[in-house]
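[1] next comes the sequence, and after it the predicted model I'd like to discuss.
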Number of protein chains: 2
Amino acid sequence: MDISEVAKKSGLPASTLRYYEEKGLIRSIGRQGLKRVFPPSILERLALITLGRNAGFSLDEIADMFTPEGKADIDRAKLQSKGDELNETIKHLTAMRDGLYHAAKCPAPSHFECPTFQKLLKRAAKARPEK
Amino acid sequence: MDISEVAKKSGLPASTLRYYEEKGLIRSIGRQGLKRVFPPSILERLALITLGRNAGFSLDEIADMFTPEGKADIDRAKLQSKGDELNETIKHLTAMRDGLYHAAKCPAPSHFECPTFQKLLKRAAKARPEK
DNA sequence: CTACTAGTTCAAGTTAACTTTAAGTCAAGG
DNA sequence: CCTTGACTTAAAGTTAACTTGAACTAGTAG
């Protein structure tokens, strides 16, 4: 597959694919002339990267978790602790979501008069979650 | 209150407070010499801003939520849709977390050979929302 | 009065994740 | 052979949300 085919199938622009390659997140298996040639498995690899991005991991973190081949050694302890970390984040976000939903329906004339909203504000002041 | 007191009480660095003022998110009520003077209510306002940030609003979006007079005027529909957005994110995070936990324990030589991991990837490929 | 401290301004720097631009290359069609 | 179009590179530009640096000032302690 050439880059435009990968772009089309993955939904990612070619510039992004080149950028990912430069960053070491993906690899082409060769060239035809100047053009990069990718194996079909690249799509799976990109799906994995996308998954990580959606979950809020940085490209560096993703690169860190998986070898360029996507194959062997993923440090299992690292995965476990990333999972734990993620779990904490989920808790924060869930609280935030519930707060937002409540505020959206709350009949108090001003959000500031609603105790749930107040609580949310206090929690927000405390919570300093990573991005 | 001077800026360092606000910084201390809000947990935000002075540079951020100056930046927020420049952006029009907060206002000082005057000066003592060169120094900005803030009213106590600034803290609630900052908490609100922090809440918004944590909920995924951009500073510009937050600025939009305040009326020209500086009173907060939060559109309930916006809260609802941010809640929905957050909910989507939570789903992604949850999928990722489950995937990480599974991968941490999975005995398959490559994660790509594991059906659970495959399923996860497929779910990730589907999700193509925000940002 | 002089020094010190905590504030000030404005401009420039930072980071992440890309995108854009300019200039160049190669294979294919006419 | 020449043009076209898809691809290439390297470098610079973009955006958000800040942070940092340099040069400056006002109130206060001694």
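    In hand now; what should we look at? Numbers count the residues shown, from 1 in each chain, chains lettered A, B, ... in the order given.
[2] so which elements touch the longest helix along chain A?
    Ranked by number of residues, the top helix in chain A under DSSP state H is helix A:76-105. Applying 3 or more C-beta pairs under 8 Å, 6 or more residues apart in numbering or on different chains; DSSP states H and E, we find helix A:76-105 packed against helix A:59-65, helix A:115-126, helix B:42-54, helix B:76-105. The way it works is simple: take the backbone N, C-alpha and C, and place the C-beta from them, glycine included.
[3] what residues does the first one touch?
    If you take C-beta atoms under 8 Å, 6 or more residues apart in numbering or on different chains as the criterion, helix A:59-65 is touched by A:20, A:23-25, A:48-49, A:52-53, A:57, A:74-75, A:78-79, A:82.
[4] can you check the third one too?
    Surrounding helix B:42-54, the residues in contact under the criterion C-beta under 8 Å, 6+ apart are A:92, A:96, A:99, A:112, A:120-122, A:124-125, A:127, A:129, B:1, B:6, B:9-10, B:12, B:17, B:20, B:25-26, B:59, B:61-62, B:65, B:72.
[5] so which of the residues you listed reach DNA strand D?
    Restricting the contacts of helix B:42-54 to those adjacent to DNA strand D (criterion: C-beta under 7 Å from any atom of the strand) gives residue B:59.
[6] around DNA strand C, pick out the residues from chain A.
    Counting by C-beta under 7 Å from any atom of the strand, the residues of chain A that sit close to DNA strand C are A:13, A:15-16, A:18-19, A:32-34, A:53, A:58-60.
[7] again, only using 6 Å
    Within chain A, the residues that sit near DNA strand C (C-beta under 6 Å from any atom of the strand) are A:13, A:15-16, A:19, A:33-34, A:53, A:58-60.
[8] and the residue most central in space within chain A, how far from residue A:22?
    For chain A, the residue nearest the mean C-alpha position is residue A:53 (2.0 Å; C-alpha atoms, centre = their mean). Plainly put, residue A:53 is 16 Å away from residue A:22 if you go by C-beta to C-beta, to the nearest Å.
[9] next: residue A:92.
    33 Å.
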